[in-house]
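Novice: missing the sequence, but the structure's below:
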């Protein structure tokens, strides 16, 4: 009798011997609807091969971690996403965060900036500075980073449609501080595919958008070598209501699509792939999240090596930022969110994240207050310095359950890759509404399960105690918007408009051809062209995108 | 008269009045009766286009492009988008309006979404009334748009002057679907997305299908009358790319050609006769069904018949004849 | 054609915010409760919304707002509806609406204010019980 047969026999006996049938639920399923068994044994990972499936941290296939000694060497970057009101206010918040131990900046932009329209545009009504900091021009950017040395800090900018413009703004802001582009470290999100799939802040149609993205990749490979050019994001796909498996599969599929587009441009995979990074969500189901990150690293490594024939290990190594799930925060008894965020943060650390944003407990109600932000940052510090989970690398490896679930998630992601390929790739699948439908179905199902109490959300659908909530809220002064509009109008009067128009005209000509647009954007920025002006010029050539909305 | 205010506003071209009246005719046949009675003399000016195509054929983009051209010609357009009602819940998601980019001024383009509410014939009657309201509202062209290409479209499209069916290269089973439904009343077949490979192959397939149709003999008198117009009109086939408006000149030419054909050949009088007959049949069906249902639910005599039928002493045909007698409809 | 009147609801996302998970889930829930639902898609201006209300004549309009622009945008929508003489339509706003803004929005005739985690049934019942016609 082999060892596996013996375990099988013993397990059957064990299941028969005790009354296991009386359980709280008929079936236990995680958030990806994967059925979870009562107990996992070596039989669940029969074909497990340590060298092929796990390897050592920092080595192919990177399942155990992106770096050899992980948090024993360096803790993850505690990067709290922040931005609200105008550049002066956010600059103050950044200095507050840096003083409390934040080790990287992460910029949240105002919606009007995200859509590439000026504060003066009527569509910006009511949106200016509400969800992030209002940036219209180089003037605002200089204020935002006033007194912060851009050669010393790394900055992540959550920006997609106008990512190339914000990168240009950052480069020129650093230039004014006396730094060269090769000194700059940071990330632009620059992931337009997930905008069509989930987040919806697109500007141009997919094809010209991809061109601009590849322009930034090409430009940074040459001049801003320490910059992460895309943060391929599953976060928003998850927030839009996808399952963990969908988040994993759709995000990596987007990643492959960028790789293919860059290869088509003629770039060498080992020149650009090391500068791609990822951004995942961390939701409520603890082990599912841990396994998602482990599976992501392994899938990426395998595809990069086998399909795209990367040679450098750095090209195969997936690194990622994590944000805890905004969608999981409840407005009822908001303090409970601190516990949710702690577990989500812990999952991402055990999954080997490179940087982390923990949500503030009041975010289901408003933008976070300073006190709530501090608690969120303290949560990370407690995990890092008190819990001991950072003492060894990938401590959950070898658990029958964790390895089984990691395998299972990889398998299900591969199924999705096949379906996407059958549709002709990511962009055709977007146009066929494939992702959008999958996500809409998953989110409706999840919501129904909560309503039917098949899934419990504490104090929301069980143990409810309707009490009026008394959390202090952060209000954005409506006067901020008026001031932003005044500032922009003043700037447009003071700058050399002849030069601005000249640079915009050149950008427009370049957009008609195939040249890299980055130098033209940077030139326009130097003359204080606004983001909205640059986008409008490009829209004339590229057109605007409209969604075939499905629901 | 309850609706007289709204009707006088409708005739002056107030969109809100049109919208309110449409709600009334959708929800209530008595309202419909009163409203149609008042506006009937103001109708008959709009040209009615029926447009259908399976999901994925790019209907919304196609219609958007068409509207744009008509609006540029100074025409006022009404669009009725029909979406299916869920048979389980009775609810519906009405989607097409958002897919037509809202680039149009409310003065020129009136879009109204309707759920088919899944009743036999009911939709065709309501659609007919909504067309009349948009006609009286001053629309030069009323487009009726549906999702399917099946038999249920046939009833709705009996009101249309010209019926356009959309197909796309690639989709395999759309020809089959047409054959079993709407083929006989289609005037123009349009292969959309002509930039995709296989557009010409699709045209050949349609031609083949129409050849086959020529050999087909209608043996039912009803059918041959219903499709009288087809006997003299050979359906046209064309291809377009709606995204960039390619080849719409030809399409518009074909619609015009069909319009002239209707007028010059005298088929138009046939069409009008059929349309009014059909409409009346729909109304009668509805009214009679309602009467019969009322009778079945309330009349004690019928309760007795049903008991007899259960005991096998009366068969359903004889029972139906008894009810016809009760309604005073005896032959 | 049915005897019972169907409730027709327009679900909208005004402003620039693209977070449409909630509004899409709501649209389906209202459909499953037997209503006829139109979802406008994202990025709707007050004029877009009012024009759609004029043509579609819904019984209720549900505005989904999460970006904090409600105080600026909702009153404009209400004013424009009034300009067109539309006063018999239930207009509700939900999403992230702080308590302290409710009085202001109520004074402009808005209702609802349901936030994250609200039971869909609660909203369905709210629509059924607050129709103005």
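Specialist: Nice, thanks for sending it over. Remember, it's a predicted structure, so these values are computed and weren't measured experimentally. Residues are numbered from 1 along each chain as shown, chains lettered A, B, ... in the order given.
Novice: mind listing what the nearest residue in space to residue A:209 that is not next to it in sequence touches?
Specialist: Computed as C-beta to C-beta, 6 or more residues apart in numbering or on different chains, the closest residue to residue A:209 that is not its neighbour in sequence is residue A:192, at 4.3 Å. C-beta: built from backbone N, CA, C; applies to glycine. Residue A:192 makes contact with A:160, A:161, A:202, A:206, A:209, A:210, A:213, according to C-beta atoms under 8 Å, 6 or more residues apart in numbering or on different chains.
Novice: where in chain B is pLDDT low?
Specialist: Low-confidence segments of chain B, defined by pLDDT under 70, span residues B:1, B:101-103, B:118-122, B:149-152, B:171-172, B:180-181, B:212-231, B:331.
Novice: Next, work out how far apart the closest residue to chain A within it and residue B:111 are.
Specialist: With C-beta to the nearest C-beta, the shortest gap between chain B and chain A falls at residue B:98, namely 4.9 Å. If you measure residue B:98 against residue B:111 using C-beta to C-beta, to the nearest Å, the figure is 10 Å.
Novice: next SSE after whatever helix or strand residue C:82 lives in?
Specialist: Taking DSSP states H and E as the definition, residue C:82 sits inside helix C:70-83. Toward the C-terminus, helix C:70-83 is succeeded by strand C:90-95 as the next helix or strand (DSSP H and E).
Novice: and that following strand, what other elements does it pack with?
Specialist: Here strand C:90-95 touches helix C:21-32, strand C:60-65, helix C:70-83, strand C:111-112, helix C:120-129, going by 3 or more C-beta pairs under 8 Å, 6 or more residues apart in numbering or on different chains; DSSP states H and E.
Novice: which secondary structure elements does the shortest one contact?
Specialist: Using 3+ C-beta pairs under 8 Å, 6+ apart as the contact test, the elements touching strand C:111-112 are strand C:90-95, helix C:120-129.
Novice: what sits against residue B:164?
Specialist: Shown here is residue B:164, whose contacts under the criterion C-beta under 8 Å, 6+ apart are B:49, B:50, B:51, B:52, B:186, B:187, B:188, B:189, B:190, B:255.
Novice: one more time with 7 Å, if that's ok
Specialist: If you count contacts by C-beta atoms under 7 Å, 6 or more residues apart in numbering or on different chains, residue B:164 has them with B:49, B:50, B:51, B:188, B:190.
Novice: From the residues you listed, pick the one nearest residue A:146.
Specialist: Among those, residue B:51 lies closest to residue A:146 (C-beta to C-beta), at 58.8 Å.
Novice: Given the strand or helix carrying that closest one, what are its sheet partners and their directions?
Specialist: Secondary structure from DSSP H and E places residue B:51 in strand B:47-53. Pairing partners of strand B:47-53, with direction, according to DSSP bridges: strand B:141-146 (parallel), strand B:162-167 (parallel).
Novice: What residues does the stretch 301-450 of chain A have near chain C?
Specialist: Applying C-beta under 7 Å from any C-beta of the partner chain, we find that the stretch 301-450 of chain A lies next to chain C at A:330, A:331, A:332, A:364, A:365, A:366, A:440, A:443, A:444, A:447.
Novice: count of residues packed around the first one?
Specialist: Applying the criterion other C-beta atoms under 10 Å in any protein chain shown, we find 20 residues in the vicinity of residue A:330.
Novice: Quick check: it vs residue A:391, distance?
Specialist: Taking C-beta to C-beta as the measure, residue A:330 and residue A:391 are separated by 33 Å.
Novice: next one: the fifth one
Specialist: Residue A:365 sits 37 Å away from residue A:391, taking C-beta to C-beta as the criterion.
Novice: swap in residue B:60?
Specialist: When residue B:60 is compared with residue A:391 (using C-beta to C-beta), they lie 58 Å apart.
Novice: if you count what's nearby, which of those two comes out ahead?
Specialist: Neighbours were tallied for residue B:60 and for residue A:391 using other C-beta under 10 Å; the higher tally belongs to residue B:60 (19 against 9).
Novice: correct me, but that one touches residue B:98?
Specialist: No - look at residue B:60 against residue B:98 with C-beta atoms under 7 Å: they stay out of range, at 8.5 Å.
Novice: model confidence over the strand or helix carrying residue A:113, on average?
Specialist: Element membership for residue A:113, per DSSP H and E: helix A:111-114. This predicted structure assigns helix A:111-114 an average pLDDT of 95.
Novice: and residue A:323, what helix or strand is that in?
Specialist: With DSSP H and E as the test, residue A:323 turns up in strand A:320-324.
Novice: Apologies, that question was intended for residue A:334.
Specialist: Residue A:334 is part of no helix or strand when elements are defined by DSSP H and E.
Novice: Most neighbours of all the contacts of residue A:192, which one?
Specialist: Neighbour counts for the contacts of residue A:192 were taken using other C-beta under 10 Å; the highest belongs to residue A:160, with 29 neighbours.
Novice: and the nearest residue to residue B:96 once chain neighbours are set aside, what does it touch?
Specialist: Spatial nearest neighbour of residue B:96, excluding adjacent residues (C-beta to C-beta, 6+ apart): residue B:81 at 4.1 Å. Under the criterion of C-beta under 7 Å, 6+ apart, the neighbours of residue B:81 are B:94, B:96, B:97, B:111, B:113, B:114, B:145.
Novice: can you list these in CSV and add neighbour count?
Specialist: As requested, these are arranged in CSV below (neighbours: other C-beta atoms under 10 Å in any protein chain shown):
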residue, neighbour count
B:94, 25
B:96, 19
B:97, 23
B:111, 24
B:113, 26
B:114, 24
B:145, 26
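Novice: Can you tell me which of the contacts of residue B:164 lies closest to residue C:95?
Specialist: Of all the contacts of residue B:164, residue C:95 sits closest to residue B:51, with 36.3 Å by C-beta to C-beta.
Novice: can you pull up the bridge partners for the closest one?
Specialist: With DSSP bridges applied, the residues forming beta bridges to residue B:51 are residue B:145, residue B:164.
Novice: distance of it from chain C?
Specialist: For residue B:51, the distance to chain C under the criterion C-beta to the nearest C-beta, to the nearest Å works out to 19 Å.
Novice: And for residue A:53?
Specialist: Looking at residue A:53 against chain C, where the rule is C-beta to the nearest C-beta, the gap reads 35 Å.
Novice: what's the neighbour count on residue A:253?
Specialist: Counted by other C-beta under 10 Å, the residues lying close to residue A:253 total 22.
Novice: Tell me which entries of the contacts of residue B:81 lie within strands.
Specialist: Within the contacts of residue B:81, membership in strands is found for B:94, B:111, B:113, B:114, B:145, as judged by DSSP state E.
Novice: which residues does the first one bridge with?
Specialist: Following DSSP bridges, residue B:94 is listed with bridge partners residue C:38.
Novice: just for the stretch 1-150 of chain A, where's the confidence low?
Specialist: Using pLDDT under 70, the stretch 1-150 of chain A drops low at A:19-21.
Novice: Run the chain-centre distance for the helix or strand containing residue A:378.
Specialist: According to DSSP H and E, residue A:378 maps onto helix A:370-385. Using C-alpha atoms, centre = their mean, to the nearest Å, the distance from the centre of helix A:370-385 to the centre of the chain it belongs to is 20 Å.
Novice: Can you spell out which helices and strands pack onto that helix?
Specialist: Secondary-structure packing of helix A:370-385 (3 or more C-beta pairs under 7 Å, 6 or more residues apart in numbering or on different chains; DSSP states H and E): helix A:336-350.
Novice: Can you give the contact residues for the helix it packs on?
Specialist: Outside helix A:336-350, the residues touching it (C-beta under 7 Å, 6+ apart) are A:76, A:282-284, A:286, A:289-290, A:293, A:322, A:324-325, A:328-330, A:356, A:358-359, A:361, A:375-376, A:379-380, A:383, A:389, A:395-396, A:458-459.
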